[in-house]
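# everything below, folded, please.
(chains A and B)
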Amino acid sequence: MEFLSTNILLSSSFIDWIVNINPSLFSMGESLKAIITRFPTFWKAGLITLQLTSAGILFGLLIGLLFGLMRVSEIKFMRYPAKAYIFLIRGTPLLLQLFIIYYGITSIITIRSFPSAVIALGIHNGAYIAEIFRGAIQSIDKGQMEAARSLGMSKTKAMERIIMPQAFKRAIPSLGNQFIIALKDSSLASTITISELLLRARQIGNTHFILMEMLIVVAIWYLILTSLFTYLIHRLEVHFKTS
Amino acid sequence: MILLENIKKNFGKLKVLKGVDLKVDEGEVVVIIGPSGSGKSTLLRCINFLETAEKGSRISIDGKVIHRQKNDINMLRRNVGMVFQHFNLFPHMTVLQNVMEGPTQVLHMKKDKARKQGIELLEKVGLADKHNAYPQMLSGGQKQRVAIARALSMNPQIMLFDEPTSALDPELVGEVIEVMADLAREGMTMIVVTHEMWFAKEAADRVCVMDDGLIIEEGTPEQIFDSPTTERAQQFLQKIVVN
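Okay, here's the model as predicted:
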């Protein structure tokens, strides 16, 4: 029995069922040519990805800052809504959130695709950024608040002048990480007809039968953009370390 | 000038302060000593409301009772400078900015004036040449001297010192104690929690021995150190004199 079953697994019909090797369609030279010549046509799509990501991050930072501060508040009416928000958003997939905003709530209002994607990216990243800010604020030594209060500062003033500047600095590496995730997550916007990098790649790839080549091209584009983000975040870190 | 009546403080079930009474006159220097866990630091922290004492405790300054409300507490804190065991300098600010922060943000002093005052205070603690340095570049003794200057920047009527030399390397204790002794000579009203017998003997008008949440004995340094009356005080003093 044992012998028989392994034999079935190795039989050619089973392998054919898993993969379909098709060497006649593949030419190394043609593929390279397609990758190199089509690379610049993605410029516009790359720009859309970048716009989408930056708008989503900015929106997410605003939400994250607001909810992060609410999350560390001593007042229940502030803390609990923030907790609920984080619970709901972190507990459901971004793709679902995107569909709810673009397709789901059309019975109430219709939001165009680009703003829909920005809102979805914003509220999604906002929840994670809120948690990043919460962690950073709570990591600041308690003595800092005490020293500020002992000078007669109000709690708000102490947050603004003493705690937040230090917390921001400490949050930068995690924020950078989140920004890179947001950049890659923006590819989900391809599902709601935004011609960002991934959708463009699939469109061109399908019409010209060079899908694999185009997927490699977007992979390179994403690598370039994430490298750019990494570099900028690194510069920010260095800047804050010396000041 | 400052009157503490029946100060009680519980942390959960633990009774840390069991009804402390203490009166400190203007220009008086009171040193509080006692074994660890006796409530010295908690008493000090209750004075400027970093800890809120239990109901029934009364703190008054110049005959005016301080109530547990924002305005009262913020006003009290402006008049009461605090120096912490772990310095709690603001690490994102230069030494001079640390000393200017209270006056500019809380007293709304003009920047030029605050800067001038800041430099004077730093001269007083012997650190004017370090005014552009960041706290992390300073030694422990220098940090604590900056912290003293920062507390003085609010022109307080009273200074509280919470074990100001306990976190210092032994060779750095002297420079901090000297600054404190200078202050005492100038007539500053001071309440100091410390184990530095030299400071107590040189500068204190009165020494209070705390044990188990109460002041068990008080008197002039000579009385306390040479002929303590209670057994607990005798035991404790024996230990620290040996050390």
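
# just checking, what packs against the lengthiest helix in chain B?
Ordering each helix of chain B by length in residues (DSSP state H) puts helix B:170-185 first. On a contact count with 3 or more C-beta pairs under 8 Å, 6 or more residues apart in numbering or on different chains; DSSP states H and E, helix B:170-185 meets helix B:140-152, strand B:189-193, helix B:197-203. Using the backbone N, CA and C atoms, a C-beta is placed for each residue, glycine as well.

# next, the angle from the longest one to helix B:170-185.
Note on geometry: by axes from the mean of the first three to the mean of the last three C-alpha atoms, to 10 degrees, helix B:140-152 and helix B:170-185 are set 20 degrees apart in direction.

# need the residue closest to the centroid of chain A.
By C-alpha atoms, centre = their mean, the mean C-alpha position of chain A lies nearest to A:Ala182, the distance being 1.4 Å.

# does that one belong to a helix or a strand, and which?
helix A:164-185 (DSSP states H and E).

# what does that helix rub up against?
A:49, A:53, A:56-57, A:60-61, A:94, A:121, A:124-125, A:128-129, A:132-133, A:135-137, A:139-140, A:144, A:222, A:225-226, A:229-230, A:233, A:236-237, A:240, B:91-92 (C-beta atoms under 8 Å, 6 or more residues apart in numbering or on different chains).

# can you check stretch A:20-40 too?
In contact with stretch A:20-40 (C-beta under 8 Å, 6+ apart) are residues A:204, A:208, A:210, A:212-214, A:216-217, A:220.

# where does chain A dip in pLDDT?
A:1-12, A:22-26, A:242-243 (pLDDT under 70).

# mind listing what B:Asn74 touches?
B:Asn74 sits in contact with A:152, A:154, where contact means C-beta under 8 Å, 6+ apart.

# of the contacts of stretch A:20-40, just the buried ones, PyMOL syntax please.
To isolate the buried members of the contacts of stretch A:20-40 in PyMOL, using 16 or more other C-beta atoms under 10 Å in any protein chain shown:
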select buried, chain A and resi 204+210+213+214+216+217
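
# filter the contacts of stretch A:20-40 down to the ones in helices?
A:204, A:212-214, A:216-217, A:220.

# closest one of the residues you listed to chain B?
Nearest to chain B among those is A:Ile220, at 39.5 Å by C-beta to the nearest C-beta.

# now that closest one. Nearest residue, chain neighbours left out?
A:Phe39 (7.4 Å; C-beta to C-beta, 6 or more residues apart in numbering or on different chains).

# okay, now that neighbour: neighbour count?
14 (other C-beta atoms under 10 Å in any protein chain shown).

# would you list every one of the helices in the chain?
Answering for chain A, as no chain was given. Using DSSP H, helices in chain A cover A:2-10, A:12-18, A:28-38, A:43-71, A:76-90, A:94-102, A:113-139, A:142-150, A:155-158, A:164-185, A:197-207, A:211-242.

# switch to chain B, please.
Taking DSSP H to define them, one finds helices in chain B at B:40-47, B:70-79, B:95-105, B:111-124, B:140-152, B:170-185, B:197-203, B:221-226, B:231-242.

# lowest-confidence stretch among those helices?
Among the helices of chain B, helix B:231-242 carries the lowest mean pLDDT, at a mean of 81.

# specify the residue positioned farthest from the middle of chain B.
The outermost residue of chain B, judged against the average C-alpha position, is B:Asp112 (28.4 Å), by C-alpha atoms, centre = their mean.

# please report how far A:Met137 lies from chain B.
Careful, residue A:137 is Ile and not Met. Note on A:Ile137: its distance to chain B, by C-beta to the nearest C-beta, to the nearest Å, is 14 Å.

# ugh, typo on my part, it should be A:Thr106
For A:Thr106, the distance to chain B - C-beta to the nearest C-beta - is 48 Å.

# now that residue: how far from A:Ile192?
Distance from A:Thr106 to A:Ile192, counting by C-beta to C-beta, to the nearest Å: 12 Å.

# what about these two, which has more around it?
Shown here are A:Thr106 and A:Ile192; by other C-beta under 10 Å, A:Ile192 has more neighbours (19 against 10).

# so that one makes contact with A:Ser116?
Yes - when contacts are counted by C-beta atoms under 8 Å, A:Ile192 is listed as touching A:Ser116 (6.2 Å).

# mutual contacts of these two, please.
Common neighbours of A:Ile192 and A:Ser116, using C-beta under 8 Å, 6+ apart, are A:98, A:102.

# burial of A:Phe77, as a residue count?
By the criterion of other C-beta under 10 Å, A:Phe77 has 8 neighbours.

# and what of the one 4 residues further on?
Residues contacting A:Pro81 under the criterion other C-beta under 10 Å number 13.

# residues contacting it?
A:Pro81 sits next to A:Met70 when contact means C-beta under 8 Å, 6+ apart.

# and B:Arg105, how far from chain A?
That one is not Arg; residue B:105 is Gln. Where chain A is concerned, B:Gln105 sits at a distance of 6 Å (C-beta to the nearest C-beta).
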